[in-house]
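Asks: only geometry, no sequence info:
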């Protein structure tokens, strides 16, 4: 299992199911951050990227995957929360 260091509830989790080459990724939303994890072949979970919003008041509630067709289907991650701002991360 994974425990995020911010110690706050995790409100959103999304598996990356839309792309066969990247279907071992999932993302979480909680506190003012979004974290992308990779499921490893042996069952381990590794954090691959953590986005921390510069506004400490933000609290992300939702996360969703999409793909950039213009960039060889690179994954995009959309996050949104308490401040009403949607951010698309690449």
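Replies: Received, thanks. What you see is a predicted model, and the numbers here were worked out from it, not measured in a lab. Numbers count the residues shown, from 1 in each chain.
Asks: quick one: secondary structure of residue 36?
Replies: Using DSSP: H, G, I helix; E, B strand; the rest coil, the structure places residue 36 in strand.
Asks: residue 14 contacts residue 25, correct?
Replies: No. The pair residue 14 and residue 25 fails to qualify as a contact (C-beta atoms under 8 Å) at a distance of 9.4 Å. Quick note: C-beta positions are derived from backbone N, CA and C, even for glycine.
Asks: any idea how far residue 21 lies from residue 47?
Replies: Counting by C-beta to C-beta, to the nearest Å, the gap between residue 21 and residue 47 amounts to 20 Å.
Asks: oops, could you answer that again for residue 38 instead?
Replies: When distances are taken as C-beta to C-beta, residue 38 and residue 47 turn out to be 8 Å apart.
Asks: from residue 57, how far out is the residue nearest the centre of the chain?
Replies: Within the chain, the residue whose C-alpha comes closest to the C-alpha centroid is residue 27; the distance, by C-alpha atoms, centre = their mean, is 3.0 Å. As for residue 27, its distance to residue 57 is 21 Å (criterion: C-beta to C-beta).
Asks: residue 15 pairs with what?
Replies: With DSSP bridges applied, the residues forming beta bridges to residue 15 are residue 26.
Asks: contacts only, for it.
Replies: 23, 25, 26, 65 (C-beta atoms under 8 Å, 6 or more residues apart in numbering).
Asks: touching, the third one and residue 37? I think so.
Replies: Looking back up the chat, that one is residue 26. Yes. Contact between residue 26 and residue 37 holds when scored by C-beta under 8 Å: they sit 5.4 Å apart.
Asks: who touches residue 82 in this structure?
Replies: Contacts here follow C-beta under 8 Å, 6+ apart; on that basis residue 82 touches 57, 58, 59, 60, 61.
Asks: of those, grab the buried ones for PyMOL.
Replies: Selecting only the buried members of the contacts of residue 82 in PyMOL, with burial defined as 16 or more other C-beta atoms under 10 Å, works like this:
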select buried, resi 58+59+60
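Asks: need the pLDDT of the spatially most distant residue from the centre of the chain.
Replies: Taking C-alpha atoms, centre = their mean, the residue of the chain most remote from its mean C-alpha position is residue 42, at 21.5 Å. Here, the pLDDT recorded for residue 42 equals 93.
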